[in-house]
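# Build me a model from this:
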Amino acid sequence: MSGLNLRVSDKAGRSWILRTVIGGKRRDIGLGGFPDVTLAGARQAAREAKEKIRAGIDPVAERRELRSQLIAQQAREVTFAAAAAEVMKNKQAEATNPKHAQQWANTLKTYAFPVLGRMAVADIEISHVLKVLRPIWETKTETATRLRQRVEAVLAWATANGHRSGDNPAQWRGNLDAVLPKPSKVAKAKNHAALPYTCAAEFMADLRTRNGLAAKALEFTILTAARSGEIRGAKWEEIDLASGVWTVPAERMKAKVEHRVPLSPSAVSLLEALPRMEGNPLVFPAPRGGEMSDATLAAVIKRMNGKRPEGEAYSDPKQDGRPITVHGFRSTFRDWAGESTAYPGEAIEQALAHTIRNAAEAAYRRGDMLDKRRRLMADWADYLAEPAGSAGSVTPIRKEA
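From the prediction side, this is the model:
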């Protein structure tokens, strides 16, 4: 067979080569390695290649196109689970809180993977997405809404990386909003159960009889009206006991903005009495030295309720008598400040580190009303220290607040 050669190389071994001319250019066409391809096989492959050349087909270009088609086909066969794994790597790298990234992954694994996990992302359509969302859309609306966003993100990643084409079937506007009711119409509002502020002094008196660092952390949470995560992650370096100010860094704030918390004399006294673990920067560390969990604070309330007379647990009458929550004390503080004091709403919202929703007001506000909030938090601490049974009848009003 003219043009058929056996190429011998130290690295590549022995391979069959057809040396020929295609469109006026010399080409070396690989026909396979010896001995996998025999002499007879090489002759047959060379004969077929020459027949294609005579028919005006470039065997090399044809082979390259077939390889590209194979690669494209393999790309389209990437499963939803594999695509989600890649997206989750990015989420873990971006997340300021590892737990958030884990929640992101757990939601997909629990609800989306049973339906979509083994499907090729290229084959996923709106009917498949609906099969994931419909069972929980009206019963677990908040979870379903987050799940939809996460499925949309995975499919968007797949499109951007060439694994699928066309519209995103998990997109809400102009897509799922035509077949699913709006989340706001079906979501059942469920606020954190909060203690009526008239019972706050009684609760605080009871809490102060409890031992343990978790009880102190809960007491500090109530005194500062801060979020649980801000308290559990608090570090001694953030606290200036001399000036009575706790500066929470932006990365631990919900709004991602640094927040100064004025500490009442009661809060300062509590901190001064705390033991410090050598080499541990946390104000309220867990027994093993890490960050205390939210469940640990909630357990304090559960134990307190366990020792209350039957039917007299600390609960929220507005929430069907549900046991109160740690976060609910922010509502307790808000109700007390709004109903029993003359402090301006701006100062109260600042104390709670709430984001200003009015864009114009947010643009012009420069200060954080620290002095006014210092008086507010001192009055709150005084109110919590009222003798049990009398706090509910006292209405502290600061006219000069």
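# May I see the buried residues of the top helix by length along the chain?
Counting by DSSP state H, the longest helix found in the chain is helix 141-160. Using 16 or more other C-beta atoms under 10 Å as the test for burial, helix 141-160 gives 141, 144-148, 150-159. The C-beta positions use only the backbone N, C-alpha and C, and glycine is treated the same way.
# Tell me the one among the residues you listed nearest to N5.
Using C-beta to C-beta, A158 comes nearest to N5 of the buried residues of helix 141-160, at 45.2 Å.
# Ends of stretch 104-115, what's the gap?
17 Å (C-alpha to C-alpha, to the nearest Å).
# Now it: average pLDDT?
Mean pLDDT, stretch 104-115: 92.
# and the next element down the chain from the helix or strand of the chain with the lowest mean pLDDT?
Least confident helix or strand, the chain: helix 359-364 with a mean of 44, by mean pLDDT, DSSP states H and E. Next along the chain after helix 359-364, taking DSSP states H and E as the criterion, comes helix 370-384.
# quick one, what contacts R14?
Contact analysis of R14 by C-beta atoms under 8 Å, 6 or more residues apart in numbering lists L6, R7, V8, G33, F34, P35.
# who wins for most neighbours among the residues you listed?
When neighbours are counted by other C-beta atoms under 10 Å, F34 leads the contacts of R14 with 17 neighbours.
# So that residue versus A40, what's the distance?
Per C-beta to C-beta, to the nearest Å, F34 is found 12 Å from A40.
# C-terminal to the helix or strand containing R26, what's the next element?
Under the criterion of DSSP H and E, R26 resides in strand 25-33. Downstream of strand 25-33, the first helix or strand assigned by DSSP H and E is helix 39-54.
# mind listing the strands for the stretch 1-150 of the chain?
4-9, 13-22, 25-33 (DSSP state E, counting those that start in this stretch).
# oh, I was asking about the stretch 201-350 of the chain
Using DSSP E, counting those that start in this stretch, strands in the stretch 201-350 of the chain cover 239-240, 245-248, 259-262, 315-316, 322-323.
# list the contacts for D123?
No contacts exist for D123 under C-beta under 8 Å, 6+ apart.
# so where's the protein shaky on pLDDT?
Applying pLDDT under 70 to the chain flags residues 1-2, 10, 12, 23-24, 66, 68-76, 95-99, 187-190, 355-367, 388-401.
# Quick test: name the residue nearest the centre of this protein.
Centroid-nearest residue in the chain: H100, 3.2 Å away (criterion: C-alpha atoms, centre = their mean).
# could you list every residue that touches it?
Contacts for H100 (C-beta under 8 Å, 6+ apart) come out as none.
# cutoff 10 Å now
H100 makes contact with K91, Q92, E94, according to C-beta atoms under 10 Å, 6 or more residues apart in numbering.
# what's the closest non-adjacent residue to S9?
Distance criterion C-beta to C-beta, 6 or more residues apart in numbering; nearest residue to S9, sequence neighbours excluded, is S15 at 7.7 Å.
# likewise G212?
Using C-beta to C-beta, 6+ apart, the nearest residue to G212 is V300, at 7.6 Å.
# quick revisit: which residues sit in contact with the residue nearest to S9?
S15 makes contact with 5-9, 30-34, 36-37, 42, according to C-beta under 10 Å, 6+ apart.
# Kindly report the same for G30.
Each residue near G30 by C-beta under 10 Å, 6+ apart is listed here: R7, A12, S15, W16, I17, L18, V37, A45, V60, R63.
# Test of understanding: give the bridge partners of it.
G30 has the following beta-bridge partners by DSSP bridges: I17.
# Which positions in the helix or strand following the longest helix of the chain come out as buried?
On the C-terminal side of helix 141-160, the closest following helix or strand by DSSP H and E is helix 183-186. Burial within helix 183-186, assessed by neighbour count using 16+ other C-beta under 10 Å, is assigned to P183.
# Packing partners of helix 183-186?
Applying 3 or more C-beta pairs under 10 Å, 6 or more residues apart in numbering; DSSP states H and E, we find helix 183-186 packed against helix 141-160.
# For the helix it packs on, which helices and strands make contact with it?
Applying 3+ C-beta pairs under 10 Å, 6+ apart, we find helix 141-160 packed against helix 80-94, helix 98-107, helix 113-116, helix 126-137, helix 183-186.
# got the angle between the second one and helix 80-94?
Counting by axes from the mean of the first three to the mean of the last three C-alpha atoms, to 10 degrees, helix 98-107 points 170 degrees away from the direction of helix 80-94.
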